[in-house]
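Enquirer: got a sequence here, can you model it:
(one chain, ligands or ions: 1)
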Amino acid sequence: MSSLDAFASEKLARLAKRSLLRTLVETTRTDHIWVERGGRRLLSFSCNDYLNLSQHAAVKAAAIAAIEQYGVGSGASRLVTGNHPLFAELEGKLARLKGTEAACVFGSGYLANAGIIPTLTSSADLVLIDEWAHSCIMTGGKLSGGRVVTFRHNDLAHLGELLVQHRATHRHALIATDGVFSMDGDLAPLHGLAALAKTHDSWLLSDDAHGIGVVGGGRGSSFADGPKADIDLQMGTLSKAIGGYGGYLCASQPVIDLVKSRSRTFVYSTGLPPASVAAAIAALELIETDPGYTALPIAKARLFTRRLNIADAVSPIVPILIGDAKVALDLSRRLEDAGFLVVAIRPPTVPAGTARLRVAFTALHPDSEIERLAETIRPCIPARP
Ligand SMILES: *Cc1c(COP(=O)(O)O)cnc(C)c1O
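Expert: Okay, here's the model as predicted:
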């Protein structure tokens, strides 16, 4: 065996022993909330398609029309020949939705953070990241070459201390957080973060991958708590509630111009296919014209949390904390036997010892099935101390 294969095999064996091996399971998403897996038809509570727009007739029609008109690929980086006319329309819509001067569409949410953060910060700078923020924020921080410091989850006092300790010795400082936390479903205290950023001459980035389309009347977490939070950099993804694929940043004109000129993941990566851009435009039109629909995923999540008598959901994501990775996997299998797909989330996606079921609700989940899921999960919830 080559040393490379030996390395890979040994690493795989160690992961398997700790129930941390990950394998792909073929899954066919058939109709909005139903999936086929291993020959079984399951009701999915593990898709981020919160508004079920990935299968919406108008969204699919827009994608098909764009393929007919422009072809399947964009052909090059947007700065070369890949900037088909749909991009300007989508960026205009995103900027309007988020209340900013301008927007920039990226290949994905991951590429957005991996590009934005190193464009704005470098070795003389400080990047402060919530400890539970998404992996791509940490990737962006590492790629910046700046000093990366994590603050305790949603802990404004801790962040304040870190700013007092480190801000003065760095040229610029960027604070980065999820707006809606992807594995916990809670919201960041964006007004408090914005106030700290202002006090300490720092910039604030919120990642609204799980907020756009579903909180703040569909406008995202900056709009979830009274007046719009003052956030310099509102980024997010088109791949969850928006139903398709792609990432975005909404910010001031100079920031967007700089990102389009300097972000490596924007400059050196091919533009999104026309169909993805057209689908996002159609999805945003639906969100703009029917803000009532955007309230449904949280309402469905609340039905579930009320049934289980646990804290009210504030987003479509409800974590059921289990702890041990193997116990979480077993529980997920038992739910499959009952007809539900609720995938177990294990470290390193979540901190060690906090394996969980992550239950994600969408607009079209029937109440009766949500109640049945709650009854099935109830006996499995670990007793609270
Ligand atoms: C899913 C997710 C991303 C990545 O977005 P993609 O478009 O899937 O690459 C970024 N940030 C958060 C918080 C996410 O949950």
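
Enquirer: output the set of residues of the protein in proximity to the ligand.
Expert: Taking CB under 6 Å from any ligand atom as the measure of proximity, the chain contacts the ligand at 108-110, 134, 136, 178, 182, 207, 209-210, 237, 239, 247. C-beta coordinates here come from the backbone N, C-alpha and C atoms, glycine included.

Enquirer: one more pass at 8 Å, please.
Expert: Counting by CB under 8 Å from any ligand atom, the chain comes close to the ligand at 48, 108-113, 133-137, 178, 180-182, 207-210, 236-240, 245-247.

Enquirer: just the residues you listed: which are in helices?
Expert: Counting by DSSP state H, the part of the residues of the chain next to the ligand found in helices is 109, 110, 111, 112, 113, 135, 136, 137.

Enquirer: tally of neighbours for the residue nearest to the first one when sequence neighbours are not counted?
Expert: Nearest residue to residue 109, sequence neighbours excluded (CB to CB, 6 or more residues apart in numbering): residue 237, at 3.3 Å. By the measure other CB atoms under 10 Å, the count of residues near residue 237 is 27.

Enquirer: how near is residue 237 to residue 344?
Expert: 23 Å (CB to CB, to the nearest Å).

Enquirer: now swap in residue 213 and tell me
Expert: Taking CB to CB, one finds residue 213 at 25 Å from residue 344.

Enquirer: whichever residue of the stretch 251-385 of the chain sits closest to the ligand pairs with what?
Expert: The minimum distance from the stretch 251-385 of the chain to the ligand, using CB to the nearest ligand atom, falls at residue 317 (9.5 Å). Beta-bridge partners for residue 317, by DSSP bridges, are residue 360.

Enquirer: okay, now the unreliable bits of the stretch 251-385 of the chain?
Expert: 382-385 (pLDDT under 70).

Enquirer: strands of the stretch 51-200 of the chain, residue ranges please.
Expert: Per DSSP state E, counting those that start in this stretch, the stretch 51-200 of the chain carries strands over the ranges 102-106, 126-130, 147-151, 173-178.

Enquirer: which strands and helices sit next to the first one?
Expert: This means strand 102-106. Packing partners of strand 102-106 (3 or more CB pairs under 8 Å, 6 or more residues apart in numbering; DSSP states H and E): helix 86-98, strand 247-251, helix 253-262, helix 264-267.

Enquirer: nearest to residue 58, of those?
Expert: helix 86-98 (14.8 Å; CB to CB).

Enquirer: thinking again about what came up before, count of neighbours near the residue of the stretch 251-385 of the chain closest to the ligand?
Expert: Residue 317: 24 surrounding residues under other CB under 10 Å.

Enquirer: residue contacts, it?
Expert: Going by CB atoms under 8 Å, 6 or more residues apart in numbering, residue 317 touches 180, 181, 182, 183, 184, 185, 210, 301, 358, 359, 360, 361.

Enquirer: okay but the fifth one is in contact with residue 319, surely?
Expert: What it means is residue 184. Yes - applying CB atoms under 8 Å as the test, residue 184 and residue 319 come out as touching, 5.4 Å apart.

Enquirer: can you give me the strands for the stretch 201-350 of the chain?
Expert: So, for the stretch 201-350 of the chain - with DSSP E, counting those that start in this stretch - the strands run 203-207, 233-237, 247-251, 317-323, 340-341, 344-345.

Enquirer: most tightly packed of the ones you listed?
Expert: Looking across the strands of the stretch 201-350 of the chain with neighbours counted as mean count of other CB atoms under 10 Å, the highest average goes to strand 233-237: a mean of 29.

Enquirer: each with direction, which strands does it pair with?
Expert: Short version: by DSSP bridges, strand 233-237 pairs with strand 203-207 (parallel), strand 247-251 (antiparallel).

Enquirer: residue 365: which of those strands is closest?
Expert: strand 203-207 (25.0 Å).

Enquirer: the closest residue to the ligand within the chain: neighbour count?
Expert: Per CB to the nearest ligand atom, residue 109 is where the chain lies closest to the ligand, at 2.3 Å. Residue 109 has 23 neighbours, counted by other CB under 10 Å.
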